[in-house]
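Asker: My questions are about this predicted structure, shown below with the sequence.
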Amino acid sequence: MGRYDLVRLEEPPFDAAAWATLTDPANPAPKGSQSLPAKLSIGVSKAFRDAHPELVAVFEKVDLPIDTLNKALARMSETRQKPRDAAIAFLRDNPAVWKAWLPAEHAAKVEAGL
């Protein structure tokens, strides 16, 4: 999606009853409704959580704006970027996004390593 200049369509606010009509293929009179926003989650095992609570604290703060993520993924696809190179490019291009996830001293170390 990030490779196209899309236009957001105006939709009525989310309504559970209207949404039910949209997800029922047998409904003859569907009503418009926005969908609920997608939520990105990072899953880890209990063993990982117990062994690395400092990383879990970072993961809990991760929030990726969908447009920014889509553009990064589109660039990766279009240029056949390796995942590591795409990650580094994302970090270089979007410091305001990822610095919010880290304590300032750690963010400075990441930035210095880019």
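Answerer: Sure, I can see it. Residues are numbered from 1 along each chain as shown.

Asker: In this protein, where is pLDDT below threshold?
Answerer: Along the chain, segments meeting pLDDT under 70 span 1-2.

Asker: sec struct for the residue of it most remote from its centre, please.
Answerer: Here the chain reaches farthest from its C-alpha mean at Pro28, the gap being 34.3 Å by C-alpha atoms, centre = their mean. With DSSP: H, G, I helix; E, B strand; the rest coil as the basis, Pro28 sits in coil.

Asker: any idea how far Thr21 is from it?
Answerer: 9 Å (C-beta to C-beta, to the nearest Å). For the C-beta atoms, the positions are set from N, CA and C on the backbone; glycine is no exception.

Asker: ok, now which ones touch the residue minimising distance to the centre of the chain?
Answerer: The centre of the chain sits closest to Leu64, judged by C-alpha atoms, centre = their mean, with a distance of 3.8 Å. Neighbouring residues of Leu64 by C-beta atoms under 8 Å, 6 or more residues apart in numbering: 40, 97.

Asker: State the distance from it to Ala107.
Answerer: Taken as C-beta to C-beta, the span from Leu64 to Ala107 is 16 Å.

Asker: got it, and Arg92?
Answerer: 13 Å.

Asker: Same check on Ala51?
Answerer: According to C-beta to C-beta, Ala51 and Ala107 sit 23 Å apart.

Asker: How far does whichever helix or strand Ser77 is part of sit from its chain's centre?
Answerer: Secondary structure from DSSP states H and E places Ser77 in helix 66-79. Mean-position distance between helix 66-79 and its chain equals 11 Å (C-alpha atoms, centre = their mean, to the nearest Å).

Asker: Quick one: list the elements packing against that helix.
Answerer: Under the contact criterion of 3 or more C-beta pairs under 8 Å, 6 or more residues apart in numbering; DSSP states H and E, helix 66-79 touches helix 83-93.

Asker: can I get the CA coordinates of the next helix or strand after the helix it packs on in CSV?
Answerer: Using DSSP H and E, the helix or strand that directly follows helix 83-93 along the chain is helix 95-98. Extracted C-alpha coordinates of helix 95-98, given in CSV (Å, rounded to 0.1, in the frame of the first residue of the first chain):
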residue,chain,number,x,y,z
PRO,A,95,14.0,8.8,14.8
ALA,A,96,10.9,10.5,16.2
VAL,A,97,9.0,7.2,16.0
TRP,A,98,11.5,4.8,17.7
